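Undergrad: I would like the atomic coordinates for the input below:
(one chain, ligands or ions: 1)
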Amino acid sequence: MAAIEVLDLTKTYGELQAVDAVSLEVAEGEFVGILGPNGAGKTTLLEMVEGLRRPDAGTATVLGLPVWPRNADLLPRMGVQLQASAFFERLTAREQLHTFASLYAVPSATADEWLERVGLDDKAGTRVEDLSGGQAQRLSIACALVHDPDVVFLDEPTAALDPQARRNLWDLLSGLNNSGRTVVLTTHYMDEAEVLCDRVAIMDSGRILQVDSPAALIRRLDAPARITVAPGAVGLEEARGIAAVDDVQESVDGVVLTTRDPAHVVARLAERDQLDGVRVQTGTLEDVFLDLTGREYRA
Ligand SMILES: Nc1ncnc2c1ncn2[C@@H]1O[C@H](COP(=O)(O)OP(=O)(O)OP(=O)(O)O)[C@@H](O)[C@H]1O
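TA: Predicted structure coming up:
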């Protein structure tokens, strides 16, 4: 049985088709990312799947149960990350988490374990409004997980964090589904989707354009590879003479060779001892987005 089944979910706000007949299946234990620019419809889709927003049409089931009308049997089995602004004011981090735990009859000791797991034990006595952005995000994730749900929904969990805080949170998130949990997250960060997700659904203008593993999405693109070598490591004319090299350009980083057969080109460079500073770049999810929409990706 799929953990999540979404069939033709649709939501319209006035003239705007925010979510347009979206279908998606998520297997048990899978980590799926919904990736798209601002306004793509990610939050609206997620809230309908969580049973928080009523669809105009279509259905969603979680663990085999319909999510709308709101299903009381499902609530303890789902973890929904709150935006930090939804915390109870003036509570400390520990009080906030204990309050959530008590809603699900989870012992306080378990809540304290979670505080430690998300690295907030030294902030237990700090009021939620005095936590940094990253600390507040980690607390909101602990609140979503404290009752040990089977399915976890995270809406842009690393939004507005600095790069270091994002990476710290990635470590936490990548450990999340090791214990068999199903995780669905929305993000507008390509690198985040690539690092964390088994499969990525690329969303734009209310539609899911493609769903697959990041590697498969990029492979399907059939984009040429770019091989950069240090400035001066190879002459421009010499590089143009290597079989399978389609194009050669000079850039600030060095000489950039474009090819559809990077293994062959790297082998030729190696034979000539010209691998100084070599870097091989294949396509990225940004290229996939450009290919699918005809637009540059702007988070
Ligand atoms: N309650 C609402 N009433 C009217 N329009 C809405 C409402 N909620 C969302 N929208 C619009 O629907 C579209 C999709 O919004 P949504 O928040 O789902 O996108 P998103 O992909 O999550 O964007 P972001 O990354 O900025 O959060 C946007 O154009 C938004 O302005």
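
Undergrad: need the pLDDT of D171.
TA: Listed pLDDT for D171 reads 87.

Undergrad: immediately after the helix or strand hosting it, which helix or strand?
TA: Here D171, judged by DSSP states H and E, is contained in helix 163-176. Per DSSP H and E, helix 163-176 leads on to strand 182-187 as the next helix or strand towards the C-terminus.

Undergrad: neighbouring strands - and their directions - for that following strand?
TA: Applying DSSP bridges to the sheet, strand 182-187 is found paired with strand 31-35 (parallel), strand 151-155 (parallel).

Undergrad: next, the angle from the last one to helix 163-176.
TA: For strand 151-155 against helix 163-176, the angle by axes from the mean of the first three to the mean of the last three Cα atoms, to 10 degrees is 160 degrees.

Undergrad: convert the C-alpha atoms of strand 151-155 to CSV, please.
TA: Taking Å, rounded to 0.1, in the frame of the first residue of the first chain, the C-alpha atoms of strand 151-155 are listed here in CSV:
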residue,chain,number,x,y,z
VAL,A,151,4.2,10.1,7.9
VAL,A,152,5.9,13.5,8.3
PHE,A,153,5.1,16.7,6.3
LEU,A,154,7.6,19.6,6.3
ASP,A,155,6.8,22.9,4.5
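
Undergrad: close to the ligand, is it?
TA: No - Strand 151-155 does not reach the ligand (Cβ under 6 Å from any ligand atom); its nearest approach is 7.5 Å. Quick note: C-beta positions are derived from backbone N, CA and C, even for glycine.

Undergrad: again, but for the first one
TA: No - with Cβ under 6 Å from any ligand atom as the measure, strand 31-35 is seen stopping short of the ligand, the closest distance being 8.2 Å.

Undergrad: going forward, the N-terminal residue is numbered 37.
TA: Done: numbering now begins at 37, and the last item shifts to strand 67-71.

Undergrad: next, the angle strand 67-71 makes with the following helix or strand past that strand.
TA: Next in sequence after strand 67-71, counting helices and strands by DSSP H and E, comes helix 78-85. Angle of helix 78-85 versus strand 67-71, following the same axes, to 10 degrees, is 130 degrees.

Undergrad: circling back to that earlier point, now could you export just the CA positions of the helix holding D207 as CSV?
TA: Taking C-alpha atoms only, helix 199-212 is exported to CSV below (Å, rounded to 0.1, in the frame of the first residue of the first chain):
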residue,chain,number,x,y,z
PRO,A,199,23.9,28.1,4.6
GLN,A,200,25.5,26.5,7.7
ALA,A,201,22.2,26.2,9.6
ARG,A,202,20.6,24.7,6.5
ARG,A,203,23.3,22.1,6.3
ASN,A,204,22.9,21.2,10.0
LEU,A,205,19.2,20.8,9.5
TRP,A,206,19.8,18.5,6.4
ASP,A,207,21.7,16.1,8.7
LEU,A,208,18.7,16.0,11.0
LEU,A,209,16.3,15.5,8.1
SER,A,210,18.3,12.9,6.3
GLY,A,211,18.2,10.8,9.5
LEU,A,212,14.4,11.2,9.7
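
Undergrad: from what I see, Q117 and E192 are in contact.
TA: No - contact between Q117 and E192 fails when scored by Cβ atoms under 8 Å: they sit 9.0 Å apart.

Undergrad: neighbour count winner among these two?
TA: Q117 (22 against 19; other Cβ atoms under 10 Å).

Undergrad: identify the residues contacting the more buried one.
TA: Counting by Cβ atoms under 8 Å, 6 or more residues apart in numbering, Q117 touches S176, I177, C179, A180, V188, F189, L190, D191, P193.

Undergrad: could you rerun that using 10 Å?
TA: 82, 86, 173, 176-181, 188-193, 221 (Cβ atoms under 10 Å, 6 or more residues apart in numbering).

Undergrad: which of those residues sit farthest apart?
TA: Farthest-apart pair in the contacts of Q117 is L82 and A178; separation 19.4 Å (Cβ to Cβ).

Undergrad: which of those two has more neighbours?
TA: Comparing L82 with A178 by neighbour count (other Cβ under 10 Å), the higher total belongs to A178, at 26 against 22.

Undergrad: OK, contacts around the residue positioned nearest the centre of the chain?
TA: The chain has A229 as the residue nearest its centroid, 3.5 Å off, counting by Cα atoms, centre = their mean. By Cβ under 10 Å, 6+ apart, the contact list for A229 reads 68-72, 221-223, 235-238, 250, 253, 321.

Undergrad: and I278, by the same measure?
TA: Neighbour list for I278: I263, V270, V284, L293, T295, H300, V301, A303, R304, L305, R308, Q310 [criterion: Cβ under 10 Å, 6+ apart].

Undergrad: which element is the residue nearest to the centre of the chain on?
TA: Assigned by DSSP H and E, A229 belongs to helix 226-232.
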